[in-house]
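Trainee: below is the structure, and that's it, no one-letter string:
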């Protein structure tokens, strides 16, 4: 099933209900043309707040329990966005990493995705227009909840897009693309219309935080073009990451 678009929205894009409504409108427009998988992060600073709560309980919380705790942030987002999409008349449903069958290794707090059940996704689309998926999380073969580390929702989106052979994989964020320098610090920064996987990976490894290095590596492995664009400047095409 190739007529699928994967859209990922980060924490700043879903930080409150007003922004979630804006995201729902973007998804609604996309869903008029194809099936849509929406991957979302936790709202705003939710992950940091949950981590702070854990640290108030213990200086060094057990990694397995931290994963159980931190994975709840995305669960809130998927439920709220699904409610909004359903209210717009779309056949939408939320899925945790466990429900979608995102299998990972057991490296808690920094797990790698091993497999995604693409057949389950195809079957789900027989009755749904939109799947709203919790990024940043998965489950081991033994059923333990895992998280993928910082930027993990980017990796989730790319892995899902590769698994289902999606037409589009778009990473929506609060900046309008990838620049050669930090545009917040350098007025002369130049935005790339397109950039190779290797060059983007180098920027990411050097500290650029627009897209996570593991997501770029996964896209390169699967030769999957990924577009980075702004949630708030929809007329701007952003930056396309692709083969050189």
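Mentor: Structure's in. What do you need? Since this is a predicted model, take the numbers as computed values, not measurements. Numbers count the residues shown, from 1 in each chain.

Trainee: surely residue 138 forms part of a strand?
Mentor: Yes. Residue 138: assigned to a strand according to DSSP: H, G, I helix; E, B strand; the rest coil.

Trainee: least confident secondary structure element in the protein?
Mentor: helix 197-205 (a mean of 90; mean pLDDT, DSSP states H and E).

Trainee: and the next element down the chain from the one helix or strand residue 25 maps to?
Mentor: In this structure, residue 25 sits in helix 17-31 according to DSSP states H and E. The first helix or strand that comes after helix 17-31 along the chain, using DSSP H and E, is strand 35-40.

Trainee: packing partners for that following strand?
Mentor: strand 4-9, helix 17-31, helix 63-87, strand 130-134, helix 152-164 (3 or more CB pairs under 8 Å, 6 or more residues apart in numbering; DSSP states H and E). C-beta coordinates here come from the backbone N, C-alpha and C atoms, glycine included.

Trainee: what strands flank that strand, and is each parallel or antiparallel?
Mentor: strand 4-9 (parallel), strand 130-134 (parallel) (DSSP bridges).

Trainee: now do it: distance to the chain's middle.
Mentor: 9 Å (CA atoms, centre = their mean, to the nearest Å).

Trainee: and that strand with helix 17-31, angle?
Mentor: Counting by axes from the mean of the first three to the mean of the last three CA atoms, to 10 degrees, strand 35-40 lies at 160 degrees to helix 17-31.

Trainee: got the angle for strand 35-40 vs helix 63-87?
Mentor: Using the same axes, to 10 degrees, the direction of strand 35-40 lies 130 degrees away from that of helix 63-87.

Trainee: other residues contacting strand 35-40?
Mentor: 1, 3-9, 14, 23, 27, 30, 74, 77-78, 81, 121, 125, 128-135, 153, 156-157, 160-161, 164, 166 (CB atoms under 8 Å, 6 or more residues apart in numbering).
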